[in-house]
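J.: Sequence and predicted model, in that order:
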Amino acid sequence: MRAKEYLPEGLLHIVVGTMLNLNLLRTFVMVVEQGTLSAAAEKLGLRQPTITLHIQNLEDFLAVKLLDRRGKGVELTPEGKIVICKARELLAFCDNAEAEVFEELHRTKRRIRVGAGPIMTDHVLPHIVARFQQIYPGIDVLIEPTETSSIIKGVLDHTYDVGFVGFPLGCDQLELLEWIEDELVLIVPTNHPFIARGSVNVTELKQQNFIWHKSASGIRMFVENELSRRGLDLTTETGNCGEVSSTMSLLSSVDAGLGVAIIPRYSAQNAIDMGMVGSVRIEGVSMIRKLYIATLKNGRRSVIIDQFIDAAKSYGRMGEQTA
């Protein structure tokens, strides 16, 4: 049966309108099902004045009164009884069509696009991809190392299916899932005066030359935030700041005596064990940060993306058990 054969003329006009107009119908149906405007508002996560405005706009559009107030509740008018039946049919049709389109688009998905910090890309994600591809060998996982702000932007504009970040730069459209903990460590040249002491206080970091991984912005934001809480502004109270493009360049720069650096322990441990650099504890500063999985909030994900996220979670649980 075609839409024109069973939809009132005004309602048909709404069908070909914007998604906002469909939302007017959803609000109307929710008010009828919940019995009060306030209950509908709570269910939809909206303010009651917004619910009232939706109903008014729908009534204005259809040029009929849909609801009568009865105390705190509402009652359908004769016209409202006609519209509620057709609105439910229409919304069910739209929901089914949306589900079918989504399923068709993702049924043959064979590629997952991931944005992550460069150090995480080098040392953590290969283990997750290997675990995932043991189960799904036909799925390609493309990982792009980049800085935190680009990862967030990429998830929001669908460049990336999922992102892994080391600093909670969130927004209303983004869901950040706490994933694993990451220990950072201060590394210094083996002949640095700090080595003999084993630990330093925050004030002693003043005038030190810091070397940063150019794209590892999440680490830098975390460290600057933690040290600023202890009274040290890394942007103004330390010596020169240098940037390098890879972890190996960073380690080599510290080894050569160009400065000190703060990086994840898992990327520094081999160099520490080989005597290439030394590690020093910063007194009174937590060097444990959380890593996050970033996805679109309320966005539909294909089953294969969920499976990849599950592989990442599984890796995190395995790390907790062996820690």
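T.: Sure, I can see it.
J.: For the chain, give the strand that spans the most residues.
T.: Criterion DSSP state E: the longest strand present in the chain is strand 174-188.
J.: Quick check on Leu156: phi, psi?
T.: Backbone geometry at Leu156, expressed as degrees, to the nearest 10, gives phi -70, psi -40.
J.: Nearest spatial neighbour of it, chain-adjacent residues omitted?
T.: Of all residues not flanking Leu156 in the chain, Gln173 sits nearest, at 5.9 Å (C-beta to C-beta, 6 or more residues apart in numbering). C-betas here are computed from N, CA, C, even on glycine.
J.: so what secondary structure elements neighbour the longest helix seen in the chain?
T.: Ordering each helix of the chain by length in residues (DSSP state H) puts helix 78-107 first. Helices and strands touching helix 78-107, by 3 or more C-beta pairs under 8 Å, 6 or more residues apart in numbering; DSSP states H and E, are helix 9-15, helix 19-34.
J.: what does the helix or strand just after that helix rub up against?
T.: Of the helices and strands lying after helix 78-107 in sequence (DSSP states H and E), the nearest is strand 111-116. Strand 111-116 is contacted from outside by 125, 139-146, 150-151, 154-155, 159-165, 304-305, 308, using C-beta atoms under 8 Å, 6 or more residues apart in numbering.
J.: roughly how far apart are the residue located most distally from the centre of the chain and Asp233?
T.: Distance from the centre of the chain peaks at Pro78, with 46.4 Å (C-alpha atoms, centre = their mean). As judged by C-beta to C-beta, to the nearest Å, Pro78 and Asp233 stand 69 Å apart.
J.: Can you point out the buried residues in the longest strand of the chain?
T.: By neighbour count with 16 or more other C-beta atoms under 10 Å, strand 174-188 contains the buried residues Leu174, Leu176, Trp179, Ile180, Asp182, Leu184, Val185, Leu186, Ile187, Val188.
J.: one step back: of the helices and strands packed on helix 78-107, which shows the lowest average pLDDT?
T.: Comparing mean pLDDT across the helices and strands packed on helix 78-107, the lowest value falls on helix 9-15: a mean of 51.
J.: residue ranges with poor pLDDT in the stretch 151-300 of the chain?
T.: Along the stretch 151-300 of the chain, the parts satisfying pLDDT under 70 run over 170, 216, 237-239, 299.
J.: for the stretch 1-150 of the chain, same thing?
T.: Applying pLDDT under 70 to the stretch 1-150 of the chain picks out residues 1-20, 102-109.
J.: Quick check: closest non-adjacent residue to Val155.
T.: With sequence-adjacent residues excluded and distances taken as C-beta to C-beta, 6+ apart, Val155 is closest to Gly163, at 4.6 Å.
J.: Does that neighbour lie in a helix or a strand, and which?
T.: Element membership of Gly163, judged by DSSP H and E, is strand 162-165.
J.: just checking, what packs against that strand?
T.: strand 111-116, helix 148-156, strand 288-296, helix 303-322.
J.: what is the orientation angle of the third one with helix 303-322?
T.: Strand 288-296 and helix 303-322 meet at an angle of 170 degrees, taking axes from the mean of the first three to the mean of the last three C-alpha atoms, to 10 degrees as the criterion.
J.: which residues touch strand 288-296?
T.: 120, 151-152, 155-156, 162-168, 173-184, 219, 222, 301, 305, 309, 312-313.
J.: partners of it, with directions?
T.: Partner strands for strand 288-296, per DSSP bridges, with pairing direction: strand 162-165 (antiparallel), strand 174-188 (antiparallel).
J.: do the shortest one as well
T.: Partner strands for strand 111-116, per DSSP bridges, with pairing direction: strand 140-145 (parallel), strand 162-165 (parallel).
J.: Just want the angle from the first one to helix 148-156.
T.: Same thing as strand 140-145. Counting by the same axes, to 10 degrees, strand 140-145 lies at 150 degrees to helix 148-156.
J.: How many residues are close by Leu62?
T.: Counted with other C-beta atoms under 10 Å, residues neighbouring Leu62 total 21.
J.: Do I have it right that it meets Ile84?
T.: No: the pair Leu62 / Ile84 is not scored as a contact, 12.0 Å apart, by C-beta atoms under 8 Å.
J.: Please look at Ser246 and Trp212 and confirm they touch.
T.: No: between Ser246 and Trp212 there is no contact under C-beta under 8 Å: 11.9 Å.
J.: More neighbours: which of those two?
T.: Using other C-beta under 10 Å, the more surrounded residue of Ser246 and Trp212 is Trp212, with 20 against 15.
J.: Wasn't the more buried one part of a helix?
T.: No: going by DSSP: H, G, I helix; E, B strand; the rest coil, the assignment for Trp212 is strand, not a helix.
J.: quick one on the thing from earlier: make TSV out of the helices and strands packed on strand 162-165 and add mean neighbour count and distance to Gln134.
T.: Listed next are the helices and strands packed on strand 162-165 as TSV, based on neighbours: other C-beta atoms under 10 Å; distance: least, C-beta to C-beta, whole Å:
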stretch	mean neighbour count	distance to Gln134
strand 111-116	21	15
helix 148-156	21	26
strand 288-296	20	20
helix 303-322	15	9
